[in-house]
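# how does the following fold in three dimensions:
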Amino acid sequence: MADLKLGLAQGYWGRGPHANFVEMAQEAEKLGYDSVWSAESWGNDAFTPLCWIGAQTEKIKLGTAVVQLSARPPTACAMHALSLDLLSNGRFILGLGVSGPQVVEGWYGQPFPKPLARTREYIDIVRQVFAREAPVTNAGPHYPLPYPGDDGMGLGKPLKPIVHPLRNKIPIFMGAEGPKNIALSTEIADGWLPLFYNPYDESVYEQSLVNAPDDFQINQMVIVNITDDIDAGLHGVKAFLSLYVGGMGAKNTNFHKDLFCRMGYEAEAEKIQQLFMENKRDEAAAVIPDELADALSLVGPKDRIKDRLQAWRESKVTTLLVATTDKQQLRDVAELVL
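Numbers count the residues shown, from 1 in each chain. Here you go, the predicted model:
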């Protein structure tokens, strides 16, 4: 059983950047955390915060968890990755995800269907750019290169990146929830970024991971709250979970809700969505069972968390991405894990 690594999950911003996001990354680096991760939704992008952090750190890895496919063409994404990897001296990890139809069609103005086929093409093109072995081309229907359309000028030319990559195989992780998408990550990516993972019951992912290579990485974000008030700590976890199950998706298309159903909480998921759509958020959060919120997080006194870390050590997860903005919590988790 390999040692469990730690990362710092910084997520995406609300109204603006977290006041101490650079200091938290610097503290994580001092404590021996392996990586720090930035996300995007429909506000900040995921690359810029990592540039800011990378300029003020020396060795901690810099990961996107995740950048959205529809936000930029694959070659543009690869350019971001090449630049950040060079500037950080080989510390970058590219985490990608398809997002959902509400964001893709509402924010980016692009069609959402065929996410698996789009992901396969996207990553193939990105890897071609990283490899820099030949001009980049793609015959697929989603990201054709050169552009073949009759509405163009017909002058598209296959190109090879001007920049020489520091690494020709920058690690690529996939954010995925559906069984087929998770299975795809084991085929074409170096790692997987789940949203929810229960180390006490890994059966929901068992078939999707059956062909995962031995060196396949699973980096799981976990809310950490070291406190004597377990009920209050779990309340925050429930609010987070219910937001995704009830509010992050349309009524009939919510991938987070679908995952909850596969995990055996279909009745609860239906109730949460109903209450959330009635704007009864506190009541929706209360529907989350204590045992599920507890399994998906690390909440309680240090001794309790130390005991519950054993389930994560015995799971398939290779890195815990600690979601906190508190330096002392960061130190306490490092003491317990590292």
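
# CA atoms only: put the longest strand seen in the chain into PDB for me.
Residue-count comparison of every strand in the chain, with assignments taken from DSSP state E, identifies strand 217-226 as the longest. Only the C-alpha atoms of strand 217-226 are listed here, as PDB (Å, rounded to 0.1, in the frame of the first residue of the first chain):
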ATOM      1  CA  GLN A 217      -3.600   8.200  -9.800                       C
ATOM      2  CA  ILE A 218      -6.800   9.100  -8.000                       C
ATOM      3  CA  ASN A 219      -6.900  12.500  -6.300                       C
ATOM      4  CA  GLN A 220      -9.900  13.100  -4.200                       C
ATOM      5  CA  MET A 221     -11.000  16.400  -2.600                       C
ATOM      6  CA  VAL A 222     -12.100  16.100   1.000                       C
ATOM      7  CA  ILE A 223     -13.600  18.700   3.300                       C
ATOM      8  CA  VAL A 224     -11.600  18.800   6.500                       C
ATOM      9  CA  ASN A 225     -12.900  20.300   9.700                       C
ATOM     10  CA  ILE A 226     -11.000  19.600  12.900                       C
END
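
# run through the neighbouring helices and strands of it.
Using 3 or more CB pairs under 8 Å, 6 or more residues apart in numbering; DSSP states H and E as the contact criterion, the elements in contact with strand 217-226 are strand 35-38, strand 191-193, helix 230-242, strand 297-300, helix 302-314, strand 319-323, helix 327-337. Where you see a C-beta, it was placed from the backbone N, CA and C, and this is true even at glycine.

# domain boundaries for the protein, per the record?
Described in terms of automatic domain parsing, the domain architecture of the chain consists of the residue ranges 5-224+301-337, 228-297.

# pLDDT on the shortest one, on average?
Right, domain 228-297. In this model, domain 228-297 carries a mean pLDDT of 92.

# the residue nearest to Asn198 when sequence neighbours are not counted: how many residues sit nearby?
What sits nearest to Asn198 in space, not counting adjacent residues and going by CB to CB, 6 or more residues apart in numbering, is Ala295, at 4.8 Å. Residues lying near Ala295 (other CB atoms under 10 Å) number 18.

# residues contacting the worst-scoring helix or strand of the chain on mean pLDDT, please?
Every helix and strand in the chain was compared by mean pLDDT, DSSP states H and E; the lowest is helix 255-262, with a mean of 90. Around helix 255-262, the neighbours that count as contacts under CB atoms under 8 Å, 6 or more residues apart in numbering are 100, 177-179, 195-196, 204, 244-246, 248-249, 266, 268-269, 272-273.

# how about 6 Å then?
For helix 255-262, contacts defined as CB atoms under 6 Å, 6 or more residues apart in numbering pick out 177, 204, 244-245, 248, 269, 273.

# now the angle from the next helix or strand after it to helix 230-242?
The first helix or strand that comes after helix 255-262 along the chain, using DSSP states H and E, is helix 266-277. For the pair helix 266-277 and helix 230-242, the angle between their directions (axes from the mean of the first three to the mean of the last three CA atoms, to 10 degrees) equals 80 degrees.

# and helix 266-277, which residues are buried?
Of the residues in helix 266-277, 268-273, 275-276 count as buried by neighbour count, 16 or more other CB atoms under 10 Å.

# and what of stretch 48-62?
Counting neighbours by 16+ other CB under 10 Å, one finds that the buried residues in stretch 48-62 are 49-51, 53-54, 57, 60-62.

# so what touches it?
Residues outside stretch 48-62 that contact it (CB under 6 Å, 6+ apart): 22, 25-26, 29, 35-36, 38, 88, 91-93.

# what's the mean pLDDT across it?
Mean pLDDT, computed over stretch 48-62, is 98.

# off-centre distance for it?
Taking the mean of its C-alpha atoms, stretch 48-62 sits 17 Å from the chain's own mean (CA atoms, centre = their mean, to the nearest Å).

# ends of that stretch, how far apart?
Using CA to CA, to the nearest Å, the end-to-end distance of stretch 48-62 comes to 11 Å.

# which stretches of the protein have low pLDDT?
1-2 (pLDDT under 70).

# which ones are touching the residue nearest in space to the middle of it?
Among the residues of the chain, Ala65 comes closest to the average C-alpha position under CA atoms, centre = their mean, at 3.3 Å. By CB under 6 Å, 6+ apart, the contact list for Ala65 reads 37, 39, 95, 193.

# one more pass at 7 Å, please.
Shown here is Ala65, whose contacts under the criterion CB atoms under 7 Å, 6 or more residues apart in numbering are 9, 37, 39, 95, 175, 193.

# go ahead and confirm the last one touches Val66.
Yes - because the distance of 6.1 Å satisfies CB atoms under 7 Å, Leu193 is recorded as touching Val66.

# which one of these two has more residues nearby?
The residue with more neighbours, out of Leu193 and Val66 and counting by other CB under 10 Å, is Leu193; that gives 30 against 23.

# ok, that one to Leu155 distance?
Look at Leu193 and Leu155: by CB to CB, to the nearest Å, they are 39 Å apart.

# rewinding a little: out of the contacts of stretch 48-62, list just those in helices.
Per DSSP state H, helices hold the following members of the contacts of stretch 48-62: 22, 25-26, 29.
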